[in-house]
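In: any chance you can model this:
(2 chains)
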Amino acid sequence: MHIIGNVSIYLAFFLSIYAFAAYVLGIKKQDQRLIDSGKGATMGIFILASISMILMLVLLGTSQLQFEYVYRYTSTDLPVMYKLAALWAGNAGSLLLWTFFLAMYSAMVAFSRKMIRNPMTPYIISIMMLNVIFFYFILSFVTQPFALMDGVPPEGRGLNPMLQDPGMIFHPVTLYLGYVGLAVPFAFAIASLIVKSMDAFWIQMTRRWTIIAWAFLTLGNVIGGYWAYTELGWGGYWAWDPVENASFMPWLTVTAYLHSVMIQERKNMLKVWNLSLIILSYALTLFGTFLVRSGVLTSVHAFGETNLGAYFLVFMAFMVILSMYVLMSRYHLIKKDTGQFESFLSKESSFLVNNLILLGATFAVFWGTVFPLVSEAVRGTKVTVGVPFFNTVMSPILLALLFIMAVCPLIAWQRSSMKNIRDNFLIPAVISLAVAAVLVIMGIRNAYPVIAFAIISFMVLTHLVEFIRGTRARRKVTKEAVPVALFRLMIRSRRRYGGYIVHLGIALIAFGIVGSNFDVERMETLSIGESMEIDRYTLTYENLGQRTEGVNDIVFANIAVEENGRELGYIQPERIFYLNWEEPSTEVAVRSTLREDLYVVLSGWEEDQRATFQVKVNPLVKWIWIGSYVLVIGSIFAIWGGRYGQVTPRYAGPERKVH
Amino acid sequence: MMASRMLMILAVLLIVSVPAMAQGGYDRNSPEFRESTSQFMCLCGCGQDHFECNMDGCGLNEQFKTEILEMLNEGYEKGEIKDHYVTMYGEVILTAPEKSGFSLTAWVTPFILLAGAGGGVTFLIRKWVRKSKGVNHVTPKDDGDGDEAEKDILNSLIEEERKKHF
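Out: Got it, this is the predicted structure:
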């Protein structure tokens, strides 16, 4: 088996070099046979990557402990689901997954129906092949997934218990799909520069790719947050850990890009800016990988200290320099913007402000992430940059972003008049101020939440106004029933209304985040039969029990919950002890409602069965997850095929003999 | 006379009780405990502050919590506790850099940059608007976003009809 595995890796490595060479030579000699051969090699790489993946999954699933990777990350007693999920528990496996996605995307682009006879295709695939070569180099010579042990150990070292959670099955996969997905628009962008196709073709062609990558990045982050919330037991979902920051930064820059491309499409402006944004986003995905794999910064996500980070740093530097060189060499062709800005008060301007804030947020996150290194380099003193820093710096920036999101949809392209502003914003603004007043009357004196809730209300209302106005305008012409008019309005303008749904999702997430800051926490040690009170809840500790699941022992506490004297039933916080792992893990008991989460952690217990509980009431957290669903629905709605508005863009750049 | 004696006793009791309150009565649910503990980063690699960390096998955390509670009950203020640990471990123990000296740059740089970039964007838009006015002497009429939505709807209806007939 290891021969098949290693051959599939080495062969794919050589095939990727061959494919790259075939494309480059084919382009140079304008020889279609070489290009076709390169495409065949691209498909071959995808087949080999699939073989490697399937083989690795079989090895993991059947506990082939003679393989070092299987030995290091699994044990025979693991449920099959987690044995398979161990694919992304270590460096070699996770990079294999990454390479598989990259090979899959390369093949998808090479054989895309929309790209048939398009002269950009060989350029795009050759850029993607550079990535594939790098990843196969790593898999071949640095971290080999199919390395064998000297003998066959009787048992594996097991999977880190923190990773034995359904969230961990989806979090890395979605995040990787997002990361790898960004290589596609990057490759299109660089290819368009090389062939001197200076229109918005590459943007239109990669719109779906970019939105899908963005949605996966979002999902990856949210699932990671949900995992942290339910698995780590500290009651939070985002810790501003360097690696979390590393995945948040490309999310911010891609969000900026998705907005600024609209200016290029409409006004043929900001070409350099959009190219720079996609290069930056791609570079940030590599930077994130560098952080995870290098151990240069302390993170709970780190794969342990390896020399892999250095390879990623070199590759990132190479790709950035290459991109900047191509960009600068074509600068004279793209610097001339043909569009015009009519007024400060226009959608164009608001998009620029949106970009400014998003890039400012990216810089703030980057700065906070690397500041420990900066401080150590400049004055030799280590510092920690944790949650208080990011909350303080990011809160005003993200509030400003929410405000721009509220204003932007209702501002007209070209120019808005004061009448337009008044008509569109008066009612939402008055209602939002009323919301703020009600919050103050309710006793909230802290400025941030009051301002935040007011802005969120404003944002939701301006979007609702946009839906109402559109439906009304359609009904004026068609006389359709309201739901029919609304539905047809939306499906005929998927991009716009999909975007608005995404905005509403963000509003719900923001609502949850602001609300969750009003958490209440208590820690109590209780004897059996004793109760504790927190907020409106009374928790009575009934008994401590133990059960066995597979080879794991689980200690749990039964707690009766009452809310204002009304019985709500029982919750069961747990502690799991693993056969193959020294430290137990926490299984938090969460009773979740739209209003708040009752969050109970079994912290410890004594021989006399007294137990210590950490109990939290986290308001509005569920809205974060609901908002995330809405956001994904909005993304899918925006890109879903259909008869309206999803026309394949026409390539109008220079023609070549090869395609 | 009786009233003034009562007042005297009350005053003495108050004076005696204030330090007693300050030097005791704190437990792990006290907000002061949370504020003091969450200033410090747990160094066990969990990425949490000392208040939030409840990781098994984190040797330092429990010791920190116990010590801080003792210090609070001995009358230490939040700032004094901070100074104590910073002297012992250095600035790295804090969850965020100090707002003084070189560490201040961590806090202000993003905002300075944002302000600078904001100025740049304003300048750029002003330049473009001026250029546009130079090209277009006649200001196009304000068609408003409502009209834009209506335009979209009309276009989609025309497209619908076109698809029906062709």
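
In: for burial, what's the neighbour tally of the residue nearest to residue A:655 when sequence neighbours are not counted?
Out: Distance criterion CB to CB, 6 or more residues apart in numbering or on different chains; nearest residue to residue A:655, sequence neighbours excluded, is residue A:119 at 6.0 Å. Yep, even glycine has a C-beta here, placed from its N, CA and C like the rest. For residue A:119, the neighbour count with other CB atoms under 10 Å in any protein chain shown is 21.

In: residue A:119: what's it in contact with?
Out: Shown in contact with residue A:119 (CB atoms under 8 Å, 6 or more residues apart in numbering or on different chains): A:195, A:651, A:653, A:654, A:655, A:656, A:658, A:659.

In: try it again with 7 Å
Out: Residues in contact with residue A:119, defined by CB atoms under 7 Å, 6 or more residues apart in numbering or on different chains, are A:195, A:655, A:656, A:658, A:659.

In: domain map for chain A?
Out: Taking automatic domain parsing as the domain assignment, the ranges for chain A are A:1-159, A:520-619.

In: got any ranges where chain B has weak pLDDT?
Out: B:1-24, B:45, B:55-59, B:134-153, B:156-157, B:159-166 (pLDDT under 70).

In: ok, which stretches of chain B are helices?
Out: Taking DSSP state H as the criterion, chain B carries its helices at B:2-22, B:31-37, B:59-73, B:78-89, B:104-135, B:144-165.

In: ok, the fifth one near chain A or not?
Out: Same thing as helix B:104-135. Yes - against chain A, helix B:104-135 shows contacts by CB under 7 Å from any CB of the partner chain at B:106-107, B:109-110, B:113-114, B:117-118, B:121, B:125, B:128-129, B:132, B:135.

In: hang on, the earlier thing: what's the most buried one of the domains of chain A?
Out: Mean neighbour count (mean count of other CB atoms under 10 Å in any protein chain shown) peaks for domain A:1-159 among those, with a mean of 20.

In: please check the residues of helix B:104-135 next to chain A and keep the buried ones.
Out: Neighbour-count burial (16 or more other CB atoms under 10 Å in any protein chain shown) applied to the residues of helix B:104-135 next to chain A gives B:106, B:107, B:109, B:110, B:114, B:117, B:125, B:128, B:129, B:132.

In: next, count neighbours for residue B:66.
Out: Neighbours of residue B:66 using other CB under 10 Å come to 11.

In: for residue A:331, same thing?
Out: Residue A:331 - counted by other CB under 10 Å - has 13 other residues nearby.

In: ditto for residue A:198
Out: By other CB under 10 Å, neighbour count at residue A:198 equals 18.

In: go ahead and confirm it touches residue A:334.
Out: Yes - assessed by CB atoms under 7 Å, residue A:198 is found in contact with residue A:334 at 5.4 Å.

In: and for the two, which residues touch both?
Out: With contacts taken as CB under 7 Å, 6+ apart, residue A:198 and residue A:334 have residue A:271 as neighbours in common.

In: contacting residues for residue A:620?
Out: Counting by CB under 7 Å, 6+ apart, residue A:620 makes contact with A:511, A:512, A:515, A:516, A:596.

In: three-state assignment of residue A:567?
Out: strand (DSSP: H, G, I helix; E, B strand; the rest coil).

In: got the phi and psi for the residue nearest to it when sequence neighbours are not counted?
Out: What sits nearest to residue A:567 in space, not counting adjacent residues and going by CB to CB, 6+ apart, is residue A:560, at 7.2 Å. Main-chain dihedrals, residue A:560, degrees, to the nearest 10: phi -80, psi 140.

In: near chain B at all, the helix or strand hosting residue A:477?
Out: Per DSSP states H and E, residue A:477 falls inside helix A:447-478. Yes - against chain B, helix A:447-478 shows contacts by CB under 7 Å from any CB at A:469, A:470, A:473, A:474, A:477, A:478.

In: in PyMOL, how would I select just the buried ones from the residues you listed?
Out: Buried residues within those, by 16+ other CB under 10 Å, are selected in PyMOL with:
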select buried, chain A and resi 469+470+473+474
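
In: tell me the one among the residues of helix A:447-478 next to chain B nearest to residue A:2.
Out: The closest of those to residue A:2 turns out to be residue A:470 (CB to CB; 60.4 Å).

In: now the strands for chain A?
Out: A:520-526, A:531-534, A:537-549, A:552-563, A:566-571, A:574-577, A:585-587, A:589-592, A:596-605, A:611-619 (DSSP state E).

In: save these as JSON lines, and put in distance to residue A:183 and mean pLDDT too.
Out: Formatted as JSON lines, those follow (distance: least, CB to CB, whole Å; pLDDT from 0 to 100):
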{"stretch": "strand A:520-526", "distance to residue A:183": "43", "mean pLDDT": "91"}
{"stretch": "strand A:531-534", "distance to residue A:183": "48", "mean pLDDT": "94"}
{"stretch": "strand A:537-549", "distance to residue A:183": "41", "mean pLDDT": "93"}
{"stretch": "strand A:552-563", "distance to residue A:183": "40", "mean pLDDT": "93"}
{"stretch": "strand A:566-571", "distance to residue A:183": "44", "mean pLDDT": "93"}
{"stretch": "strand A:574-577", "distance to residue A:183": "38", "mean pLDDT": "90"}
{"stretch": "strand A:585-587", "distance to residue A:183": "35", "mean pLDDT": "85"}
{"stretch": "strand A:589-592", "distance to residue A:183": "37", "mean pLDDT": "94"}
{"stretch": "strand A:596-605", "distance to residue A:183": "38", "mean pLDDT": "92"}
{"stretch": "strand A:611-619", "distance to residue A:183": "37", "mean pLDDT": "93"}
